[in-house]
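Engineer: Have a look; sequence and predicted model below, questions after that.
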Amino acid sequence: MIRVFILLAVLFTSSTSFAQAPYPSKVDLHFDHWYDYAEMKTALHDLVEAYPELLAIESIGKSVGGRDIWLVTLNNPATGSDRDKTAMFIDGNIHGNEIQAAETVLYSIWYLCKSFGVIDRITELIDERSFYFVPMANPDGREVWFHQPADPHYLRGGIRPVDNDHDGLLDEDGPDDLDGDGHITSMWIKDELGRYEIDEDDPRFFTRVDADDPPGGWSRLGQEGIDNDDDGRVNEDGIGGYDPNRNWPADWQPEWIQYGATDYPFSLPETRVIGEFLLDHPNVAACQSYHNAGGMILQGPSASYVKYPRSDERVHSTIANKGAQMLPFYEPMIAYKDLYTVHGGEDGFTYEALGIVSFTNELWTDKRMYAKDTNPSRDERKQFRDLLQFEDVFVPYHEVDHPTYGNIMVGGTKKYSSRVTPPWMLEEGCHRNFAFTMLHADEMPLLSWGALDVKKIGNQLWKVTIEVANDKIIPSRTAMSAKHHIGSPDVLECKSAGTNSIAASGTVRSLQKTTKLDAIDSEHPNRILVNNGISGNGNTLFQFIVNGFGEVGFTYTAEKGGTLERKVQLKEQFVPKPIEHKRAIPSDST
Amino acid sequence: MELIQIWLYTVHHSIYVTRYKGLAPMITICLLSTLMFAIQEVEAESDRAWRTPSEISSQVMLLTDSQDSVTTTIIGYSGNGIPIQCLQIAREGDTPIDDRSAILIVAGIDGDHLLGTEVATDIVTSVLAMDAESSKPLLETHKLYVIPQVNPDAASFYFNPIQNEQRRNMTPSDNDHDGVKDEDGTEDLNGDGLITMMRVPDLEKATHLADPEEKRLNITPKPLEGKVASFVLYTEGIDNDGDGDYNEDGLGGVDLNKNFMHGYEFHSDGAGHWQLSESETKALATFVLSHQEIALIIVYGQHDTLSKPLTENGKDLAGAPKILAEDDVEMYKIISEKFVELTELKDVAQPNWDGSFVAWSYAQFGVPSFSTSLWTRPKVEDAKEEGKGTKGGEEPSEETAQESDLTPSGVGDISQETMDELFQAAVDAGFIDSDDANADSTPTLEEAEMYCKMMGIEIRRVKSKKGSSKESSADAKWLEYSDTVRDGEGFVDWAPFEHPQLGQVEIGGWAPYFKTLPPTDAIEAITEKQVAFLVDTANRLPKVRLSTPSIEKLGNGLWEVKVAVINDGWFPTGTAMAKKNKRARPFVVRLGASNDSIVTGRKVNLIWALDGKGTRKWYKWILQGKPNEKIDLTLYSEKFGTKTITTTLKETKGDDA
């Protein structure tokens, strides 16, 4: 009897210790849900109100349609201001139809806030870094997707009127929702010579007949719509006609080379305000943009003739490859090589113009449908649609009376039938991508003092060797920044009082006796301009020949690496490098 | 009068050829009288002054207020908040003003090019003063936009008490990449009101030496010829930020003509953070883009596309023509020839046009776009005859029959023949006794030149057999021009100076703006010539119309309508580049019948480019209609206006059947 009691007691107590508590947020948000502009705005403001010690929100500008472009700053003021820390910038949804990008950014803010003070690794990350989030970079396009008849590719751009067909009229002939179902689908017409037929297996679909088979009896008329301007063409000039992700300055090319670029870079307020924000925040050392679809972690270059310095390419690839491990079925890619050429894209700009390590993730891949490395077959897709999505992504073909064509069939896939993550799979996608950005954030430069060595080499003459170390993959100055003098160089300054002076300064390769100072020819040896920064997983030994006595102070300032300070007594001493800083994710070597 | 005293002192205390020993007192008297005469002459002319940005603005407002045909808008603001003005000049005519295409003149993008601003401003007055018939193409058939000063912030530098050339705008910038902006600019150390150069002796860092053939000029070392560098060159000033470099980061941020999209070079010096980053360039580009009716652009500034024809020069990495599209070369060549014929301005410098406004206008806005610097150093002989800066021209050939006979005298490059002439003139004037002879001392080059000038002796110089080195030949010619035509005002002679940080240095060099701006008396003639070019080019603009349509009754309610679009102008309606880039709006030919009623032919047709000289493009439709039904044919162009023909369905014989 007692045995049973003991057994029960053990079982009872041990079962509670196995449970993993999900950490609640002060703001109840769901990630099986898509947030339109108003809901997203509310959610962001609710988070800021609930976590005022961490969050701030501002509108950095207005879209073409007058909607605010919201930017959330996440920072722990107890460890410094956001500008004093190395920061990461994360945005999404610059293509209006790529909606789940905004939810992914929202998730990031939500998860960080609720984990602060609860999960040690997250708390550490927030203490060390600051974050800037722009969930909806194209609010106008997003709203068209949500509240106007749309399809999975619409509205990619914005609502500034463009004369797509050059006929002198603006946006005069866009798609029309003939059957009023809120989706822009396809029109089909009975046609004796038509190359399509009603699918034998699934009469809900039209399929193409083989080339050597007789006609199927149906033709596709095109996208749902009428010839609004009576010029003989249907839907040739609706809203849109430009691509905000071709409007960035780096390798910007005019429309005839790059469709959608508009007349000049940053002609769109949506892109310009982000560019100006980043120029004004040189502490940003990592950028991430979210798009859909395809399951990719994209890095530049985006054109074959754009060359990235090798060391920076390696940094990008190392982080992207790790990310691909965290994101099953996502592929790390170099844009121009593995995808297609993009002129004037955002990650090209943030890296080439501002020297920031940058990625673009294309969210969702069909491989996730069955968690397989290969794309699903036709049957598998049908099964997914019918049995897992309960046929909800499809409008069955039905008769409509068209003003010009007469009796036609209208139907097809709904706006969320592709590209957008099925809501019941959204949260995992958000989390894995968020985790990837946290890996990236954690690899931003984090500078620290290393070893210190002071040797007396004469009467009041000292050789002071001071090490600055960077235990992260990303250097404090990317090779792109160093090469093109982007921003300010790092600066190591030796300050001393009274009659103390610096005779010479520079770097040394090691602390061995035979190593000579590689002196910098300078009028101001007390101040070393370190244009190349401290390399990733690297360190630099700086050496100063100091004339004097007492104490000197060292300050190392890096735009992307913060400020370090150290006081050094001028007496013979050696201080070894402190224990290596804890890494968020163990390196592959351990 | 101070100058006279100095001169007298020099004359009496310098070493001069004993042959001419008695010359000095006589020359003094001579000089005094010439000086008196000269002063009188100078006072007789009233020298025109360069106008400050404020004065230009006032003139613009004066024109606006006094002339019905002139209206002015503000297209934007400079970095320092000065409004950038644009004038529209147009008279009532057959076509409503709002429906006409426009010619745009832009000047003053380059802050040091005050000449362009003056000419652009005066051109308005000139055009208004023309008789109605002559100015018709500019003000009635088309309209004229003039933006005289895009960069007033920099232009104002000319008028500072300490004059320093400034081309760029005033965006604060960290030119030396040390993390600080505009911390080390120039200073006027020798108090002459000009920022010139410093020669700093420094055997360790030396980069230049004085040209042995013309000591005022600096050349780079040629060790194999025994020419070793002996000094470093800096602009005049001190090291304000203690970094060992001098004046490496002063005022001046972005070169606006490097801030435009075509050929934009990221991270290059003066290009700005990105394309159109500057308020001035943004204002200009936005104005042009929102005025699609602009059909021709002429720029006055540092670039040239007219004195020497532009060429096709391959494609950039993205596939766009770097300079001209091949099929535009002929057009530019003919315009160029006409320009040279009318202005005689040839052989000007042709700086690379990457990032410039004119390049963008041509390559991306997509209209014929031209640029001229308006003036360059004239031929010295012509300049002496006709006035100081009126003609541009070829370099005089190095060897004339005369010059090859000359022998050196040992006095600079002045020929012995000239020295003999001088001696003879002095003897004739009774200044010296021909028997005096003392071969021990000689006058300096400067003295001999002065004496020759005073005595009216033409200085014939011996050209060195090797010829002047390529490097300094342009500078040498500028010096010649300065010395002989401009009284030496273009160059401040090197003089020793005790620099607070560098010790003994020499200060001297080109006077600011000397190579960019002519004497103001040249402005009027330049303006006249530019007006002539402007009128000639305006007359070439496309003249597009619809022919009278032909209508044929086919029976069964069917009609065939045929019409031609004709360009009687010289320019095609679109350049080859415009055809490529499809940004300049096309002509839209629209048949005003319902789509249903059209059997063949398209209701809406686009013409991207139609050649001139009577080239026709035909359109033919077959449509259903009732007899005498009204049909509209519309020719619409955002650039060239709208023309509509209303016709009725009945048998009609049109033009050019």
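Structural biologist: The structure has been received and is ready for your questions. Numbering: from 1, shown residues only, chains lettered A, B, ... in the order given.
Engineer: use CA for all of it now, contacts and neighbours both
Structural biologist: Noted.
Engineer: looking at it, A:His440 is touching A:Ala286, isn't it?
Structural biologist: Yes - A:His440 is within contact range of A:Ala286, at 7.1 Å (criterion: Cα atoms under 8 Å).
Engineer: what sits against the closest residue to chain A within the stretch 351-500 of chain B?
Structural biologist: For the stretch 351-500 of chain B, the nearest residue to chain A under the criterion Cα to the nearest Cα is B:Gln364, separated by 7.0 Å. Contacts for B:Gln364 (Cα atoms under 8 Å, 6 or more residues apart in numbering or on different chains) come out as A:Pro254, B:His262, B:Ala578, B:Asn581, B:Arg583.
Engineer: from those, which is closest to B:Asp428?
Structural biologist: Taking Cα to Cα as the measure, B:Asp428 lies nearest B:His262 of the contacts of B:Gln364, at 66.0 Å.
Engineer: in terms of contact, does the closest one touch B:Trp360 like I think?
Structural biologist: Yes - between B:His262 and B:Trp360 a contact is recorded at 5.1 Å, counting by Cα under 8 Å.
Engineer: Show me where the stretch 1-150 of chain A dips below the pLDDT cut-off.
Structural biologist: Within the stretch 1-150 of chain A, the ranges that satisfy pLDDT under 70 run A:1-21.
Engineer: Tell me if I'm right that A:Asn138 and A:Gly158 touch.
Structural biologist: Yes - between A:Asn138 and A:Gly158 a contact is recorded at 7.2 Å, counting by Cα under 8 Å.
Engineer: For these two, work out which one has more neighbours and name it.
Structural biologist: Set A:Asn138 next to A:Gly158 and count neighbours by other Cα atoms under 10 Å in any protein chain shown: A:Asn138 wins out with 35 against 28.
Engineer: A:Met40 versus that one, what's the distance?
Structural biologist: From A:Asn138 over to A:Met40 the distance is 13 Å, taken as Cα to Cα, to the nearest Å.
Engineer: tell me the SS of A:Lys451?
Structural biologist: Lys isn't right for residue A:451; it's Ala. Secondary structure, DSSP: H, G, I helix; E, B strand; the rest coil: A:Ala451 is strand.
Engineer: who are the neighbours in contact with it?
Structural biologist: Going by Cα under 8 Å, 6+ apart, A:Ala451 touches A:Ile466, A:Glu467, A:Val468, A:Phe574, A:Val575, A:Pro576, A:Lys577, A:Pro578.
Engineer: likewise A:Ala371?
Structural biologist: Going by Cα under 8 Å, 6+ apart, A:Ala371 touches A:Phe329.
Engineer: helix, strand or coil for it?
Structural biologist: What three-state DSSP gives for A:Ala371 is coil.
Engineer: Which pLDDT value goes with it?
Structural biologist: Per-residue confidence (pLDDT) for A:Ala371: 96.
Engineer: got it, and the one 3 residues further on?
Structural biologist: According to the predicted model, the pLDDT of A:Thr374 comes to 95.
Engineer: separation between it and A:Lys41?
Structural biologist: Distance, A:Thr374 to A:Lys41, by Cα to Cα: 38 Å.
Engineer: count of neighbours near the closest residue to chain B within the stretch 351-500 of chain A?
Structural biologist: Going by Cα to the nearest Cα, chain B is nearest to A:Ser488 of the stretch 351-500 of chain A, at 4.5 Å. For A:Ser488, the count of nearby residues is 23 (other Cα under 10 Å).
Engineer: One more: the one 5 residues further on?
Structural biologist: Counted with other Cα under 10 Å, the neighbours of A:Glu493 add up to 18.
Engineer: Strand partners (parallel or antiparallel) of the host helix or strand of it?
Structural biologist: Using DSSP states H and E, A:Glu493 sits within strand A:490-496. Next to strand A:490-496 in the sheet, as set by DSSP bridges, lie strand A:527-530 (antiparallel), strand A:551-558 (antiparallel).
Engineer: Contact residues of chain A facing chain B?
Structural biologist: Residues of chain A that fall close to chain B, judged by Cα under 8 Å from any Cα of the partner chain: A:166-168, A:230-232, A:249-250, A:253-257, A:264-265, A:305, A:353, A:484-489, A:522-524, A:529.
Engineer: Chain A contacts on chain B?
Structural biologist: That would be B:177-179, B:242-244, B:261, B:266-267, B:273-276, B:317-320, B:364, B:580-583, B:585-586, B:588, B:594-595, B:602-604, B:606, B:636-638, which are the residues of chain B within reach of chain A (Cα under 8 Å from any Cα).
Engineer: Now list the buried members of these.
Structural biologist: By neighbour count, with 16 or more other Cα atoms under 10 Å in any protein chain shown, these hold B:177-178, B:261, B:266-267, B:273-276, B:318, B:320, B:364, B:580-583, B:585-586, B:588, B:595, B:602-604, B:606, B:636-638 as buried.
Engineer: now the residue at minimal distance from the centre of chain B: how far from A:Thr421?
Structural biologist: The centroid of chain B falls nearest to B:Ser373 when counting by Cα atoms, centre = their mean (1.4 Å). Counting by Cα to Cα, the gap from B:Ser373 to A:Thr421 is 60 Å.
Engineer: just B:Val329 next, same as before
Structural biologist: Counting by Cα to Cα, the gap from B:Val329 to A:Thr421 is 54 Å.
Engineer: With A:Gly232 instead?
Structural biologist: To A:Thr421, A:Gly232 is 37 Å away according to Cα to Cα.
Engineer: Next: B:Asn257.
Structural biologist: Computed as Cα to Cα, the B:Asn257 to A:Thr421 distance reads 47 Å.
Engineer: residues touching B:Val119, list them.
Structural biologist: Taking Cα under 8 Å, 6+ apart as the contact definition, B:Val119 lies against B:Ile523, B:Glu524, B:Ile526, B:Thr527.
Engineer: just to revisit the earlier point, can you check which of the strands paired with strand A:490-496 gets nearest to A:Leu125?
Structural biologist: The closest of the strands paired with strand A:490-496 to A:Leu125 is strand A:551-558. By Cα to Cα, the value is 18.9 Å.
Engineer: contacting residues around the residue of the stretch 51-200 of chain B found nearest chain A?
Structural biologist: Nearest residue of the stretch 51-200 of chain B to chain A: B:Gly179, at 4.5 Å (Cα to the nearest Cα). For B:Gly179, the contact set (Cα under 8 Å, 6+ apart) comprises A:Gly487, A:Ser488, A:Pro489.
Engineer: residues near the last one, how many?
Structural biologist: A count of neighbours around A:Pro489, defined by other Cα under 10 Å, yields 24.
Engineer: circling back to that earlier point, filter the buried ones among the residues of chain B next to chain A down to the ones in helices?
Structural biologist: Counting by DSSP state H, those place B:Lys580, B:Asn581 in helices.
Engineer: Give me the subset of the buried ones among the residues of chain B next to chain A lying in strands.
Structural biologist: Using DSSP state E, the subset of these located in strands is B:Val588, B:Val604, B:Leu606, B:Tyr636, B:Ser637.
Engineer: which ones are touching residue 305?
Structural biologist: No chain specified, so I'll use chain A. B:Leu317.
Engineer: switch to chain B, that's the one I care about
Structural biologist: Here B:Thr305 is in contact with B:Ser336, B:Gln350, B:Phe370, B:Ser371, B:Thr372 (Cα under 8 Å, 6+ apart).
Engineer: Just the ones of those in helices?
Structural biologist: Counting by DSSP H, the contacts of B:Thr305 place B:Ser336 in helices.
Engineer: Would you format the ones in strands among the buried ones among the residues of chain B next to chain A as a markdown table with pLDDT included?
Structural biologist: Putting these into a markdown table (pLDDT from 0 to 100) gives the following:
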| residue | pLDDT |
| --- | --- |
| B:Val588 | 92 |
| B:Val604 | 93 |
| B:Leu606 | 93 |
| B:Tyr636 | 92 |
| B:Ser637 | 91 |
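Engineer: Adding distance to A:Ala78, write those out as TSV.
Structural biologist: Shown next, in TSV, are those (distance: Cα to Cα, whole Å):
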residue	distance to A:Ala78
B:Val588	64
B:Val604	66
B:Leu606	64
B:Tyr636	65
B:Ser637	63
